[in-house]
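*Asks:* no sequence for this one, just the structure:
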């Protein structure tokens, strides 16, 4: 099973930030993936946040290697 790494960009009232998550399952629905991303940010940020961007770092790395 291939692991994919995503960079999740978020914004709160007080800060902007990034957090990375790794996903091992290929069978996630979009809703399940978004829930996983929200949980990852929520573990770090203890206030309301908005996810502003999701970047697939694995895909970018693969494209750069080609």
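*Replies:* It's in. Note that the coordinates shown come from a computational prediction; the quantities given were computed from them, not determined experimentally. Numbering: from 1, shown residues only.
*Asks:* residues contacting the closest residue to residue 23 other than its chain neighbours?
*Replies:* Using Cβ to Cβ, 6 or more residues apart in numbering and skipping residues adjacent in sequence, the residue nearest residue 23 is residue 4, 5.0 Å away. Every C-beta, even on glycine, is put in place using the N, C-alpha and C of the backbone. By Cβ atoms under 8 Å, 6 or more residues apart in numbering, residue 4 lies in contact with 22, 23, 24, 56, 58, 59.
*Asks:* ok, the fourth one to residue 38 distance?
*Replies:* So that's residue 56. 17 Å (Cβ to Cβ, to the nearest Å).
*Asks:* now do the first one
*Replies:* Relative to residue 38, residue 22 is positioned 16 Å away (criterion: Cβ to Cβ).
*Asks:* what of the third one?
*Replies:* Taken as Cβ to Cβ, the spacing of residue 24 relative to residue 38 amounts to 18 Å.
*Asks:* hmm, back to that, quick one, which of residue 22 and residue 38 is more surrounded?
*Replies:* With neighbours defined as other Cβ atoms under 10 Å, residue 22 and residue 38 compare such that residue 38 has more, 14 against 11.
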